[in-house]
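> Need the 3D shape of this:
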Amino acid sequence: MTRVQLLSRFFHMLLPTFDQIGELKNRETLKVDVLAGITVALILVPQSMAYAQLAGLPAYYGLYASFLPPMVAAMFGSSRQLATGPVAVVSLMTAASLEPLAASGSEGFLVYATLLAIMIGLFQVALGVLRLGVLVDFLSHPVVLGFTSAGAIIIGTSQISKLFGVTAERAEHHYETVYNVVQAAIDHTHWPTFFIAVLSIAIILGIKRWKPHWPAVLIAVVTTTIISKVSGYAKRDGAIVGEIPQGLPAMAIPEFSLDIVLELITAAVIISLIGFMEAISIAKAMAAKTRQHLDANQELFGQGLSNIVSGMFSGYPVSGSFSRSAVNINAGARTGFSSIVTAIVVGITLLFLTPLLYHLPQATLAAVIIMAVIGLIKIAPIKHAWKVEKHDGIVAVITFVLTLYMAPHLDKGILAGVFLSMALFIYRTMRPRFAMVSRHPDGTFRDLAVFPELETCKNIIIIRFYMSLYYANAGYFETKVLQVFAEHHDAKYIIIDAEGINMVDSTGEMVLTQLRERLEAAGVIVLIARMKRQFMQSMRKAGAITTTEDERFFSRLTFALEYAWDEMECDQCDNAKGCPLRISVARKQFDQRESTPAIPNPVNKIRELATEE
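Next up is the predicted model:
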């Protein structure tokens with residue numbers, strides 16, 4: 001890619017949503033976008049404060065991360081309804097990444113959080129500009145399933161101390177910390193805090209059941225804040241949010257050292273991919289519903305810019321939120337303007353409404369987090385993955401267990417899952433399906449292991465290989481072909497049905513070429529049929545196909561058989577006229593086995609050549 005092309009693509013990414021501006025001239029569109037934006041903001045304000053505390057940051061950092069990032073993501077992303085801002089999993093991973101470097105809530109912790117957001121944003125922008133969003137595919141669905149479910153449990157259990165109003169010594173592993181918290185809760189529960197937590201959960205559950213369209217989180221926040229202020233909750237040692245700086249966040253570039261950047265780079269890459277996978281999954285679901293175009297690389301660019309802006313304005317890493325995006329689209333949002341409205345409401349909150357949040361109990365925020373992550377614990381999809389492919393189920397379960405065991409070192413759990421999924425994939429491709437086939441009465445070629453009753457030809461052997469031929473399975477392919485050769489002493493031709501071979505690497509080409517030479521030296525001609533274009537290109541580039549050898553490659557199995565029949569002499573089948581690989585012969589043999597009259601089905605030479613293999 002030239003520098004001019006790269007700059008052209010970059011400037012195109014800076015102007016993705018201009019076509020939506022004209023749609024806002026429609027008053028109905030403007031109205032529903034404004035209402036949707038306000039609705040999302042009513043959920044975002046308390047949620048963002050809760051997620052900030054989950055990330056080990058002061059609650060108002062969640063508001064900072066909810067101010068400009070949703071606006072930037074909407075302006076430069078591809079999805080119209082994706083609601084960007086603080087989310088549970090990214091918040092948890094932020095805390096896990098920073099806690100080894102600084103104490104939670106300390107000045108260094110706050111600086112590193114903003115630096116991490118900028119690093120994540122730069123990585124996502126680079127991937128978007130270079131159109132490398134496919135890298136997210138390395139995080140397989142089973143890995144994400146296992147990690148997300150384990151992460152939800154870690155998030156929920158990390159809030160137990162706030163539900164019971166206790167403190168406990170932090171241990172090396174999360175499960176040890178949870179044990180310490182439970183012991184403290186048994187002996188020293190702060191009952192006013194416990195009451196606030198239970199009340200918050202009851203309000204959220206009750207409203208979701210009987211009034212699902214009401215803002216349950218906001219009602220819980222308002223109710224418990226009023227109770228906290230009226231009852232003197234803070235004077236009874238109840239933990240509250242406290243004073244929130246009034247005003248909008250100022251722009252600032254965090255100071256950092258190269259050592260800190262190197263410490264955070266692995267976490268930045270992992271959070272980038274996890275956050276984007278969450279965002280793009282939500283965006284794809286909504287695009288399918290609205291039938292709108294979605295550009296994954298443009299969305300990656302928009303998410304990256306939103307993270308950069310978040311870090312530069314005292315925020316922390318953000319991503320697309322499933323729950324708020326669902327609220328946004330259900331409220332009727334049609335363009336990205338709804339997210340701009342959300343950002344404006346958050347800005348108004350920062351300017352004028354922060355004093356109202358002073359008495360908000362931290363137990364309420366803990367309840368909000370727990371209620372938000374319960375839905376992330378998904379056992380049924382893991383069972384489904386196990387049924388479809390056991391290796392996928394194994395990956396999901398092991399990722400789940402390792403993430404729980406290694407917490408708070410979440411990166412180790414997910415990296416283990418990624419490497420395991422890749423290793424199992426390579427293992428599966430090392431021993432792919434290899435089959436000998438013969439003609440079925442319906443005209444197709446079927447696996448003899450599945451249809452052992454099919455007649456075979458002693459002179460012509462047809463084999464199939466159901467995988468690309470590359471370094472990890474080339475040896476297996478060679479072994480299987482030589483095994484077939486050894487078991488069929490009278491074979492004069494071996495036809496390789498190459499339809500399942502999508503590509504050939506240098507090792508596969510070398511093995512295939514040497515195999516042909518060895519077999520032909522032993523008097524067996526190797527023919528290859530139904531090759532893919534990529535297969536032929538690789539063979540030609542390697543010089544394995546010359547003008548004289550092109551006659552050994554055929555576009556159809558039938559053509560390869562015709563070549564063998566024309567060249568072969570066989571007393572057993574009257575020089576191939578009675579070969580069981582012919583359609584007419586296969587049908588006749590079938591009718592004889594079934595002892596029923598042949599089904600009238602005239603077959604001539606042209607029809608036989610045109611038969612689909």
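
> who's in contact with the helix or strand harbouring Leu63?
Under the criterion of DSSP states H and E, Leu63 resides in helix 59-65. Helix 59-65 has contacts (C-beta atoms under 8 Å, 6 or more residues apart in numbering) with 45, 47-53, 55, 85-86, 110, 113, 117, 241, 244-245, 249, 310, 313-318, 346, 349-350, 354, 357, 360, 365. Every residue, glycine included, has its C-beta placed from N, CA and C.

> Please compute how far that helix lies from its chain's middle.
Its chain's C-alpha centre and that of helix 59-65 lie 28 Å apart, by C-alpha atoms, centre = their mean, to the nearest Å.

> And the next helix or strand past it?
Counting by DSSP H and E, what follows helix 59-65 is helix 68-76.

> and that next one, how far from the chain's centre?
On C-alpha atoms, centre = their mean, the centre of helix 68-76 falls 23 Å from the chain's centre.

> helices and strands around it, which ones?
In terms of contacts (3 or more C-beta pairs under 8 Å, 6 or more residues apart in numbering; DSSP states H and E), helix 68-76 is packed against strand 83-85, helix 296-312, helix 337-348.

> For it, give the mean pLDDT please.
The pLDDT scores in helix 68-76 average 92.

> What lies in contact with that helix?
Helix 68-76 is contacted from outside by 13-14, 16-17, 44, 80, 82-85, 298, 301-303, 305-307, 309-310, 313, 315, 318, 320, 336-340, 342-343, 346, using C-beta under 8 Å, 6+ apart.

> and those residues, which are buried?
13, 16-17, 44, 80, 82-85, 298, 301-303, 305-307, 309-310, 313, 315, 318, 320, 336-340, 342-343, 346 (16 or more other C-beta atoms under 10 Å).

> among the helices and strands of this structure, which has the poorest mean pLDDT?
Using mean pLDDT, DSSP states H and E, helix 605-610 stands out as the lowest-scoring helix or strand of the chain, at a mean of 46.

> the strands in the protein, which residues?
Using DSSP state E, the strands of the chain run over 83-85, 319-321, 434-439, 445-447, 460-465, 493-497, 525-529, 553-554.

> who's in contact with the closest residue to Pro355 other than its chain neighbours?
Setting aside the residues directly before and after it, Pro355 is nearest to Gln246 in space (C-beta to C-beta, 6 or more residues apart in numbering), at 7.3 Å. When contacts are counted by C-beta under 8 Å, 6+ apart, Gln246 touches Leu350, Leu351, Phe352, Thr354, Pro355.

> Which among those residues count as buried?
The neighbour-count test (16+ other C-beta under 10 Å) marks Leu350, Thr354 as buried among the contacts of Gln246.

> and the contacts of Gln246 as JSON lines, adding distance to Gly146 and pLDDT?
Below are those laid out as JSON lines (distance: C-beta to C-beta, whole Å; pLDDT from 0 to 100):
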{"residue": "Leu350", "distance to Gly146": "38", "pLDDT": "94"}
{"residue": "Leu351", "distance to Gly146": "43", "pLDDT": "93"}
{"residue": "Phe352", "distance to Gly146": "44", "pLDDT": "91"}
{"residue": "Thr354", "distance to Gly146": "39", "pLDDT": "89"}
{"residue": "Pro355", "distance to Gly146": "43", "pLDDT": "91"}
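
> what separates the nearest residue to Leu482 once chain neighbours are set aside from Gly523, distance-wise?
Spatially, and ignoring its direct neighbours in sequence, Leu482 is nearest to Leu515 (7.7 Å; C-beta to C-beta, 6+ apart). Separation of Leu515 from Gly523 (C-beta to C-beta, to the nearest Å) stands at 14 Å.

> Likewise for Ala326?
From Ala326 to Gly523 the distance is 68 Å (C-beta to C-beta).

> Of the two, give the one with the bigger neighbour count.
Set Ala326 next to Gly523 and count neighbours by other C-beta atoms under 10 Å: Ala326 wins out with 16 against 8.

> check contacts around the more buried one.
The contact partners of Ala326, taken as C-beta under 8 Å, 6+ apart, number zero.

> Check the contacts of helix 59-65 for burial and list the buried ones.
By 16+ other C-beta under 10 Å, those give 45, 47-53, 55, 85-86, 110, 113, 117, 241, 244, 249, 310, 313-318, 346, 349-350, 354, 357, 360, 365 as buried.

> thinking again about what came up before, quick one: average pLDDT of the helix holding Leu63?
So the average pLDDT for helix 59-65 ends up being 94.

> deepest of the strands of the chain, which one?
Greatest average neighbour count among the strands of the chain goes to strand 83-85 (a mean of 32), per mean count of other C-beta atoms under 10 Å.

> circling back: list just the one of the strands of the chain that sits closest to Leu205.
Closest to Leu205 of these is strand 319-321 (C-beta to C-beta; 20.3 Å).

> I would like the residues contacting the closest one, please.
With C-beta under 8 Å, 6+ apart, strand 319-321 has contacts from 47, 73, 79, 82-87, 89-90, 274-276, 278-280, 282-283, 303.

> before we move on, what about stretch 514-523?
For stretch 514-523, the surrounding residues in contact (C-beta under 8 Å, 6+ apart) are Glu478, Val481, Leu482, Phe485, Lys492, Ile494, Ile525, Val526.

> which parts of that stretch are buried?
The neighbour-count check on stretch 514-523 (16+ other C-beta under 10 Å) flags Leu515, Arg516, Leu519 as buried.

> which residues of the protein score low on pLDDT?
1-24, 544, 546-551, 569-576, 592-613 (pLDDT under 70).

> measure Pro58 to Ile260 for me?
Taking C-beta to C-beta, one finds Pro58 at 21 Å from Ile260.

> And for Arg516?
As judged by C-beta to C-beta, Arg516 and Ile260 stand 58 Å apart.

> Kindly report the same for Ile274.
From Ile274 across to Ile260, the span is 21 Å (C-beta to C-beta).

> Check Ala472 too.
39 Å.

> likewise Ala88?
Separation of Ala88 from Ile260 (C-beta to C-beta): 25 Å.

> Which one's more surrounded, these two?
Shown here are Ala88 and Ile260; by other C-beta under 10 Å, Ala88 has more neighbours (27 against 19).

> wait, the more buried one sits on Val373?
Yes: with contact defined as C-beta atoms under 8 Å, Ala88 counts as touching Val373 (5.1 Å).

> what do these two both touch?
Residues touching both Ala88 and Val373 (C-beta under 8 Å, 6+ apart) are Gly151, Ala152, Ile155.

> By neighbours, which of these wins?
Gly151 (28 neighbours).

> which one is it nearest to, not counting chain neighbours?
Nearest non-adjacent residue to Gly151, counting by C-beta to C-beta, 6+ apart: Val89, 5.1 Å away.

> and the one you found, what does it touch?
Shown in contact with Val89 (C-beta under 8 Å, 6+ apart): Thr148, Gly151, Ala152, Ile155, Ile274, Gly275, Glu278, Ser319, Leu376.

> Tabulate the residues you listed in JSON lines, adding columns for distance to Lys229.
Below are those laid out as JSON lines (distance: C-beta to C-beta, whole Å):
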{"residue": "Thr148", "distance to Lys229": "37"}
{"residue": "Gly151", "distance to Lys229": "34"}
{"residue": "Ala152", "distance to Lys229": "32"}
{"residue": "Ile155", "distance to Lys229": "28"}
{"residue": "Ile274", "distance to Lys229": "38"}
{"residue": "Gly275", "distance to Lys229": "36"}
{"residue": "Glu278", "distance to Lys229": "36"}
{"residue": "Ser319", "distance to Lys229": "34"}
{"residue": "Leu376", "distance to Lys229": "32"}
